[in-house]
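Student: Return a 3D structure for these sequence lines:
(chains A and B)
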Number of protein chains: 2
Amino acid sequence: MTVLVLTCEEDVTADLVVASLHDADVPVVRLDPADVPGRADISTEYVKGEFRGYLSAGGRVVSMSGLRSIWVRRPGRPGARAAHQSRWLRAESAHALYGTLNSADVRWMNHPVAAAQARCKPWQLSVAHRSGFAVPPTLITTFPRVAREFATEYPDLIVKPVSGAHPSDPPMALPTSRIEPDTDFAGVAASPTLLQQRVPKRADIRLTCVGYELFAARKASDPDQVDVRFADDGGTWEPAEVPARIEQAIRGYLSLTRLAYGAFDFAEDSEGTWWFLECNQGGQFGFIQLDTGQPIAASIAAWLAVRTGS
Amino acid sequence: MTVLVLTCEEDVTADLVVASLHDADVPVVRLDPADVPGRADISTEYVKGEFRGYLSAGGRVVSMSGLRSIWVRRPGRPGARAAHQSRWLRAESAHALYGTLNSADVRWMNHPVAAAQARCKPWQLSVAHRSGFAVPPTLITTFPRVAREFATEYPDLIVKPVSGAHPSDPPMALPTSRIEPDTDFAGVAASPTLLQQRVPKRADIRLTCVGYELFAARKASDPDQVDVRFADDGGTWEPAEVPARIEQAIRGYLSLTRLAYGAFDFAEDSEGTWWFLECNQGGQFGFIQLDTGQPIAASIAAWLAVRTGS
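Tutor: Numbers count the residues shown, from 1 in each chain, chains lettered A, B, ... in the order given. Just a heads-up that it's a prediction; the model follows:
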């Protein structure tokens, strides 16, 4: 039973997990969806009442019935490396690949449907709230008047993208930034804007969840540093205990979102409360493992290696 | 409690349902996501442990807690009508609108997540197979050799798009077409290809499901007409009985896909078997209602009008 890893070639984080799987003698096939069709190929058939699918990548052939799990890491876009590019080819390749994989009875980390929904930040806040996390007062609006009223009530403000675009996607990235309450909010009418009360924090928390295994890390913070993802302050991450209330909220969040993996960011305030900032369903973990020594890659490998008997 | 209809302006099919809702004194707000931001506006806030959201469209304001259901008909793309277009604005507008709506506790026809997954044709075939429908022998492949072998075994063949693009999306549309078994299949390597055994049919069946209410219609067919969606043969649709086995399979299909609405296409062969061709989660129903007199619009209105008490 094989583990399928969907990622691009130059993914050193995936290498850590693949090495763990090799150590445990678990067969692995690595496939970049951008290689379909051409360098990787697929075939699915429904004949005589049976479904049969298989794929070929890196000189190996694996049947859908021989898969135990699929890890979606940093997959390229299906069809993206074909000689003749077109919207048609990309749609056909995506449907053929993911349709085939979706028809297999396997565990996903994370299933593309769950992942797509989990990226939506207003929904994240609502799920976080329902799960029992502390969520800073937040407004998402296209009404300038409502933005002004919010800024009057919560003058210590930050602004960040609604769509949660990440610094790794530069044309769409915008760091979380502080904003003055007397800002002219007229521009809010032209594009939905997310305003949030700034949490004066003494530490950043990164909590990585693998199934229900939790790895919390903490880094003392300069209260004026707003977006840790852009920071390079030389601090290191230390392992941290997970408060019971947070653990319970995490279980609620993963169950509502049907995620098998999530990287949660919290701001720890001066009283020790962890405020939910976001959950990145595809968040990096290599830098945490490096600083803390927490065996996250091995934990992912173990999750992927489980045989469900299906 | 209001019904929210997400659709473009020139949608006469939606008009039928909206008229039924008006007749029943159910409040309706109609919103084209392309009007966000500007002609339609949204606001969501998480403040003091409470979530509050509302939207404004067509001079009406409705709160998320005052919604009973959302009907996704033919929505435009969020941000598409803004003065200054950008990928950024479209992403921000989509996340703000759908994130807000997703946070509301309402019934969806269909939920965007279920709809996106249900469009994938290889997955449709696999779900149809698991639900107990008769599925014609089908191959989706990028291997020319496998395509040749399939054509040898099933020489009476059709080819259709893997991604199921519809004739209403002309740049991506390709009618289902017959294909000769001695075709040169070398091109299969360049793009995934869907081959299916042609069903020699005596009738086309369109089965429209609204919740669990089923409306089947039948049209006698020229066995040589392959794609009924491109046909204009002057035949009319007549109401048809739904066989018990089909009804059971439909329930399985809707449960696996979490769809509240689906338009199923079947080919009826000379022995009366209904062969599953596809299920369009957003399929039209106006032409069926017009021919058969089946009250599909009223059924959709009744589904949307249900108060769940949440």
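
Student: Show me the helices in the stretch 201-310 of chain A, by range?
Tutor: A:244-257, A:286-292, A:296-305 (DSSP state H, counting those that start in this stretch).

Student: Name the stretch among these that sits most buried.
Tutor: helix A:296-305 (a mean of 22; mean count of other CB atoms under 10 Å in any protein chain shown). Glycine gets a C-beta too; all of them are placed from N, C-alpha and C.

Student: mean confidence for that one?
Tutor: On average, the pLDDT along helix A:296-305 is 97.

Student: how far out from the middle of the chain is that helix?
Tutor: Distance of helix A:296-305 from its chain centroid, counting by CA atoms, centre = their mean, to the nearest Å, is 16 Å.

Student: Also stretch A:154-161?
Tutor: 23 Å.

Student: Likewise for stretch A:295-306?
Tutor: On CA atoms, centre = their mean, the centre of stretch A:295-306 falls 16 Å from that of its chain.

Student: got it, and stretch A:145-158?
Tutor: 29 Å.

Student: Residues touching that stretch, excluding its own?
Tutor: Under the contact criterion CB atoms under 8 Å, 6 or more residues apart in numbering or on different chains, stretch A:145-158 has outside partners A:137, A:139, A:141, A:176-183, A:185, A:188, A:193, A:195-198, A:200, A:226, B:43, B:45.

Student: Show me what counts as buried in it.
Tutor: Buried positions in stretch A:145-158, judged by neighbour count with 16 or more other CB atoms under 10 Å in any protein chain shown: A:Val146, A:Ala147, A:Arg148, A:Phe150, A:Ala151, A:Tyr154, A:Leu157, A:Ile158.

Student: returning to that earlier point: between the helices of the stretch 201-310 of chain A, which gets nearest to chain B?
Tutor: helix A:244-257 (11.0 Å; CB to the nearest CB).

Student: Can you name every helix or strand that that closest one contacts?
Tutor: helix A:112-118, helix A:121-131, strand A:201-210, strand A:261-269, strand A:274-280 (3 or more CB pairs under 8 Å, 6 or more residues apart in numbering or on different chains; DSSP states H and E).

Student: about what we covered before: among the contacts of stretch A:145-158, the buried ones, what's the PyMOL command?
Tutor: Buried residues within those, by 16+ other CB under 10 Å, are selected in PyMOL with:
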select buried, (chain A and resi 137+139+141+176+179+185+188+193+195+196+197+198+226) or (chain B and resi 43+45)
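
Student: among the helices of the stretch 201-310 of chain A, which is nearest B:Val36?
Tutor: helix A:244-257 (24.4 Å; CB to CB).

Student: Alpha carbons of the closest one, as PDB, please.
Tutor: The C-alpha trace of helix A:244-257 is given here as PDB (Å, rounded to 0.1, in the frame of the first residue of the first chain):
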ATOM      1  CA  ALA A 244      -6.700  22.200  27.800                       C
ATOM      2  CA  ARG A 245      -9.200  24.700  26.500                       C
ATOM      3  CA  ILE A 246      -7.100  25.200  23.400                       C
ATOM      4  CA  GLU A 247      -6.900  21.500  22.800                       C
ATOM      5  CA  GLN A 248     -10.600  21.200  23.000                       C
ATOM      6  CA  ALA A 249     -11.200  24.100  20.600                       C
ATOM      7  CA  ILE A 250      -8.700  22.500  18.100                       C
ATOM      8  CA  ARG A 251     -10.700  19.300  18.100                       C
ATOM      9  CA  GLY A 252     -13.800  21.300  17.300                       C
ATOM     10  CA  TYR A 253     -12.100  23.300  14.600                       C
ATOM     11  CA  LEU A 254     -10.600  20.200  12.800                       C
ATOM     12  CA  SER A 255     -13.900  18.400  13.000                       C
ATOM     13  CA  LEU A 256     -15.900  21.300  11.600                       C
ATOM     14  CA  THR A 257     -13.400  21.900   8.800                       C
END
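
Student: hmm, who's touching that helix?
Tutor: Contacts of helix A:244-257 (CB under 8 Å, 6+ apart): A:114, A:117-118, A:127-128, A:130-133, A:207, A:209, A:212, A:214, A:242, A:259-260, A:262, A:264, A:266, A:274, A:279, A:281.

Student: what pLDDT does the closest residue to A:Gln117 other than its chain neighbours get?
Tutor: Nearest residue to A:Gln117, sequence neighbours excluded (CB to CB, 6 or more residues apart in numbering or on different chains): B:Val113, at 5.2 Å. On pLDDT, B:Val113 comes in at 91.

Student: thinking B:Val113 is in contact with A:Pro112, fair?
Tutor: No. Taking contacts as CB atoms under 8 Å, B:Val113 lies outside contact range of A:Pro112: 10.4 Å.

Student: Where does pLDDT dip in chain A?
Tutor: Filtered on pLDDT under 70, chain A yields the residue ranges A:165-175, A:223-234, A:308-310.

Student: which of the contacts of helix A:244-257 are buried?
Tutor: A:114, A:117-118, A:127-128, A:130-133, A:207, A:209, A:214, A:259-260, A:262, A:264, A:266, A:274, A:279, A:281.
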